[in-house]
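# Next comes the sequence, and after it the predicted model I'd like to discuss.
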4 protein chains.
Amino acid sequence: MSEAQREKHEAILDSAFEIFGKKGFYETKISDITEHAGIAKGTMYLYFKSKEELFLAVTRRDWEKFLRDLNFRIKHADGLMSKLQRVAEHHLEYYYERKEHGKIFFHAPNNDSELMRMMHGFLTRYMAAVKEVLEEAGMPDPDFYAKAFIGMLDRLKMDILFEGEFTRDEMALRVEQTVRLFLRGSEQELN
Amino acid sequence: MSEAQREKHEAILDSAFEIFGKKGFYETKISDITEHAGIAKGTMYLYFKSKEELFLAVTRRDWEKFLRDLNFRIKHADGLMSKLQRVAEHHLEYYYERKEHGKIFFHAPNNDSELMRMMHGFLTRYMAAVKEVLEEAGMPDPDFYAKAFIGMLDRLKMDILFEGEFTRDEMALRVEQTVRLFLRGSEQELN
Amino acid sequence: MSEAQREKHEAILDSAFEIFGKKGFYETKISDITEHAGIAKGTMYLYFKSKEELFLAVTRRDWEKFLRDLNFRIKHADGLMSKLQRVAEHHLEYYYERKEHGKIFFHAPNNDSELMRMMHGFLTRYMAAVKEVLEEAGMPDPDFYAKAFIGMLDRLKMDILFEGEFTRDEMALRVEQTVRLFLRGSEQELN
Amino acid sequence: MSEAQREKHEAILDSAFEIFGKKGFYETKISDITEHAGIAKGTMYLYFKSKEELFLAVTRRDWEKFLRDLNFRIKHADGLMSKLQRVAEHHLEYYYERKEHGKIFFHAPNNDSELMRMMHGFLTRYMAAVKEVLEEAGMPDPDFYAKAFIGMLDRLKMDILFEGEFTRDEMALRVEQTVRLFLRGSEQELN
DNA sequence: GATGAATGAGCATTCATTCAT
DNA sequence: CATGAATGAATGCTCATTCAT
């Protein structure tokens, strides 16, 4: 693949990310994507076999970046609390940056088993990264705790995606609170 | 509406719940639903204005029942821990019973703002119920804690929906662990 | 199927015969057929599963009638020569009536094995009918002779299909000549 | 046109003959042909104006060779029977060699009037050659007899194209039978 | 009220042809 | 001369919705 082709490949992915993110898989027309990318409809089919495959590629690229950045952040932090804070920041920032593309998280094609497999694979890798952090700190049942931690974070994404007024400062506060809750529990707050 | 009509109305909702749950909104045909319900295609339009509206009604009914049962359970429990356990049980059992209908949670119609509003309303009411429990116990920032608790629970639903081998006993264990984590934190586990 | 439906079914076949016959399979659009039939595009799909299947049905109907009429004519003739004349008349008249629909004989869908099987079946039944006539008269190697006779007839169809000026009288002449050639050979004509 | 170009021209025709023959006109893609020929898609358009024109050229080349060889064979035979045998051999051998390319005879482009004209021209020339043979022998109505003879031969091609087990020996037998039938008629076979 | 036949807008995908390199 | 990336017109088929019976 030439340089120009690599660029077009990326441009299609960018455009698809944009449109799929805004409208979801089913409400997006191939022509929406190609028009937005400034190319002809047929051109998309030179780079991707089908609408499904394009969606898959968009999702894969996005997740791979997520995991790459996550691992980078974890590696450059010290101690359990600090590492968990990096994870939380990364998780929330990820959604924060995708505020406008919330649809992509909810409306994948329904019966695409390859997509399901892929998503499962990513979730597993995400969890494994968190699990490793917990194991290092000597925490028992790290599977469960990793899931619970990610769950807390994921619920918070709803605020980000659906509440317009969420600021970066509030996000930082949420990160801190979440990590503290995870480590110390809520009971400490009671008198 | 006569009794016979009320029954048909329910039968359509039952059938729609079944099929939407298995295939998701977009992959479900009206004829799938009406055939499964044993009625003619046109009949559905006597009871619901459109496919979207039917989906909305299905979702609404399901959530209303969820909230009704939740409040009943909370009312009949005493003390913070006990109430939180009832919430956790209810949340997980809800998904457990809907194992086979996982699609309904992910594939709603994409651009239906009324649905978004409705879902937001239900989430708010769910959170309010949990929040009340926390407030009663004197917990500060109950908004945040409620979200985090629900988040932990929600993440666990993934195991239920995607792992075939999840048993009721494991579920009970998860409930206990989750409540303990929420109240005491994970650090207690470290030596 | 109701009476009205049976009529629509026939109307679609009639229209398809007309258009496929004029343009051939590939150059015919479903919308050509349905417009000509005065119905909506989707309606065709209530009666036939696909364009291929419609073509198959058109061809089958045409051939079945051909064989039905052929057998009727043969049954009502006496003696070898007379029966062969009926066959020849029938063969040529068939094409004569379809002058305007020549395309249907040449441009079937290419890779439809079911169509190939069907056509082979019809040819076999046609040949069997002629073969029976020859066997009755005590002719040896009737397979070969049946094929040769049909071949002579089939070649003459070209004149009908491609020469505008072919009259019914010329056709009658051809019938007589062909039967005489088949029975007596051409050498008799030499002095 | 240089030598190299002439070679490429031929190569494209060879490849087109191969692919058109196997799949028919409509199911053949230009890319099928150029890939098989080992050249780029655009190159084909340097040698032929369009897909139709390429098909025309392929057909023309094939038929010209057919007629050239036919006339050669006729010229080198003596007497009516011998000449007719050469014609029959040639006709059947032609199809025998094209067993695998049957599609080319049936699936020409549908609305190409130039192709129709060309085919008509070739048939006329074929018939003229046979007619000449018959005229030489003093046969009356040679037009009709020529058509009938070619018709018998043409019907036999079906056996070749559609029956896998047809051998060269059987072909020789068919040639003899056909010529005898043509000259003496079938009645001679009856007792 | 109930039916289900009919409608037709809508869309993914293909592929002959062009043209900049 | 040769290439092959890009184009975009063209079309089979689906399915939510309507409405005459």
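Done, it's in. Residues are numbered from 1 along each chain as shown, chains lettered A, B, ... in the order given.

# Tell me, how many residues neighbour the residue in chain A that DNA strand F sits nearest to?
Scanning chain A for proximity to DNA strand F using C-beta to the nearest atom of the strand identifies A:Gly42 as nearest, at 1.7 Å. C-beta: built from backbone N, CA, C; applies to glycine. By the measure other C-beta atoms under 10 Å in any protein chain shown, the count of residues near A:Gly42 is 9.

# Show me the shaky parts of chain A.
Residues of chain A that meet the criterion pLDDT under 70 lie in A:1, A:102-112, A:164, A:189-191.

# and it, which residues reach DNA strand F?
By C-beta under 7 Å from any atom of the strand, the residues of chain A that approach DNA strand F are A:4-5, A:8, A:39-43, A:45-47.

# Assign the closest residue to chain D within chain A to helix, strand or coil.
Among the residues of chain A, A:Leu46 lies nearest to chain D; the distance is 12.5 Å by C-beta to the nearest C-beta. Of the three states, A:Leu46 takes helix according to DSSP: H, G, I helix; E, B strand; the rest coil.

# How far away from the center of its chain is the one helix or strand A:Leu181 maps to?
Taking DSSP states H and E as the criterion, A:Leu181 maps to helix A:168-184. Put simply, helix A:168-184 sits 19 Å off its chain's centre (C-alpha atoms, centre = their mean, to the nearest Å).

# And it, what does it pack against?
With contacts defined as 3 or more C-beta pairs under 8 Å, 6 or more residues apart in numbering or on different chains; DSSP states H and E, helix A:168-184 has these neighbours: helix A:80-97, helix A:142-162, helix B:142-162, helix B:168-184.

# and of those, who's closest to C:Arg73?
helix B:142-162 (69.7 Å; C-beta to C-beta).

# Going by contacts, tell me the helices and strands next to the closest one.
helix A:142-162, helix A:168-184, helix B:80-97, helix B:113-136, helix B:168-184.

# One more pass at 10 Å, please.
helix A:113-136, helix A:142-162, helix A:168-184, helix B:80-97, helix B:103-106, helix B:113-136, helix B:168-184 (3 or more C-beta pairs under 10 Å, 6 or more residues apart in numbering or on different chains; DSSP states H and E).

# so of these, which one's packed in deepest?
helix A:142-162 (a mean of 22; mean count of other C-beta atoms under 10 Å in any protein chain shown).

# returning to that earlier point: ok, now which ones touch the residue of chain A closest to chain D?
Counting by C-beta atoms under 10 Å, 6 or more residues apart in numbering or on different chains, A:Leu46 touches A:5, A:8-9, A:12, A:39-40.

# For it, give its distance to A:Ala40.
From A:Leu46 across to A:Ala40, the span is 10 Å (C-beta to C-beta, to the nearest Å).

# cool, and A:Lys49?
Counting by C-beta to C-beta, the gap from A:Lys49 to A:Ala40 is 17 Å.

# and if you look at A:Glu10?
17 Å.

# now swap in A:Leu92 and tell me
In terms of C-beta to C-beta, A:Leu92 sits 39 Å off from A:Ala40.

# now swap in A:Leu84 and tell me
For A:Leu84, the distance to A:Ala40 - C-beta to C-beta - is 48 Å.

# what about A:Glu165, which SS state?
Applying three-state DSSP: A:Glu165 is coil.

# contacting residues around it?
A:Asp159.

# do the same with the one 5 residues further on
For A:Glu170, the residues meeting the contact criterion (C-beta under 10 Å, 6+ apart) are A:92, A:159-160, A:163.

# Also A:Tyr94?
A:62-63, A:65-66, A:69-70, A:153, A:157, A:160.

# A:Leu134 too?
Contacts of A:Leu134 (C-beta under 10 Å, 6+ apart): A:80, A:83-84, A:140-146, A:149, A:182, B:186, B:189-190.

# again, but for A:Gly121
A:60, A:63.

# how far away is it from A:Glu163?
31 Å.

# Same check on A:Ile12?
32 Å.

# likewise A:Pro140?
Computed as C-beta to C-beta, the A:Pro140 to A:Glu163 distance reads 36 Å.

# Also A:Glu27?
In terms of C-beta to C-beta, A:Glu27 sits 23 Å off from A:Glu163.

# Check A:Ile33 too.
For A:Ile33 relative to A:Glu163 (C-beta to C-beta), the value is 29 Å.

# The two: who's more crowded?
Taking neighbours as other C-beta under 10 Å, A:Ile33 and A:Glu163 compare with A:Ile33 leading, 25 against 11.

# does the more buried one sit in a helix or strand, and which one?
helix A:30-37.

# Give the buried residues for that helix.
Going by neighbour count (16 or more other C-beta atoms under 10 Å in any protein chain shown), the buried part of helix A:30-37 is A:30, A:32-34, A:37.

# can you list those residues in JSON lines and add distance to B:Leu173?
Below are these laid out as JSON lines (distance: C-beta to C-beta, whole Å):
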{"residue": "A:Ile30", "distance to B:Leu173": "47"}
{"residue": "A:Asp32", "distance to B:Leu173": "47"}
{"residue": "A:Ile33", "distance to B:Leu173": "46"}
{"residue": "A:Thr34", "distance to B:Leu173": "51"}
{"residue": "A:Ala37", "distance to B:Leu173": "50"}
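
# and of the residues you listed, the nearest to B:Ala57?
A:Asp32 (29.8 Å).

# so that closest one sits right up against A:Lys23, yeah?
Yes - counting by C-beta atoms under 10 Å, A:Lys23 is a contact partner of A:Asp32 at 7.3 Å.

# check contacts around A:Asp14.
A:33, A:36-37, A:58, A:61.

# Looking at the residues you listed, which one is closest to chain C?
Nearest member of these to chain C, counting by C-beta to the nearest C-beta, is A:Ile33, at 27.0 Å.

# What separation do you get for the closest one and A:Ser186?
Counting by C-beta to C-beta - A:Ile33 and A:Ser186 are separated by 45 Å.

# residues contacting A:Phe72?
Per C-beta under 10 Å, 6+ apart, neighbours of A:Phe72: A:86, A:90.

# thinking again about what came up before, tell me the one among the contacts of A:Tyr94 nearest to chain B.
After measuring the contacts of A:Tyr94 against chain B - C-beta to the nearest C-beta - the closest member comes out as A:Leu153, at 7.1 Å.

# And stretch A:41-52, what's buried?
For stretch A:41-52, by 16+ other C-beta under 10 Å, it's A:44, A:47-48, A:51-52.

# Kindly report the same for stretch A:64-83.
A:66, A:70, A:73-74, A:77, A:80-81, A:83.

# What is the neighbour count of A:Asp141?
Neighbour tally, A:Asp141, other C-beta under 10 Å: 13.

# measure it to chain B for me?
Applying C-beta to the nearest C-beta, to the nearest Å, the value for A:Asp141 to chain B is 7 Å.

# doesn't B:Gln177 make contact with that residue?
Yes - counting by C-beta under 10 Å, B:Gln177 is a contact partner of A:Asp141 at 7.4 Å.

# anything in contact with each of the two?
A:Ala148.

# if I pick the nearest residue to A:Lys41 once chain neighbours are set aside, what's in contact with it?
Among residues not flanking A:Lys41 along the chain, A:Thr34 sits closest, at 5.0 Å (C-beta to C-beta, 6 or more residues apart in numbering or on different chains). Counting by C-beta under 10 Å, 6+ apart, A:Thr34 touches A:12, A:15-16, A:19, A:40-45.

# Check A:Glu136 too.
So A:Glu136 contacts A:79-80, A:83, A:142 (C-beta under 10 Å, 6+ apart).

# Can you lay out the residues you listed as JSON lines showing distance to DNA strand E?
Output for those, formatted as JSON lines (distance: C-beta to the nearest atom of the strand, whole Å):
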{"residue": "A:Gly79", "distance to DNA strand E": "49"}
{"residue": "A:Leu80", "distance to DNA strand E": "47"}
{"residue": "A:Lys83", "distance to DNA strand E": "42"}
{"residue": "A:Pro142", "distance to DNA strand E": "42"}
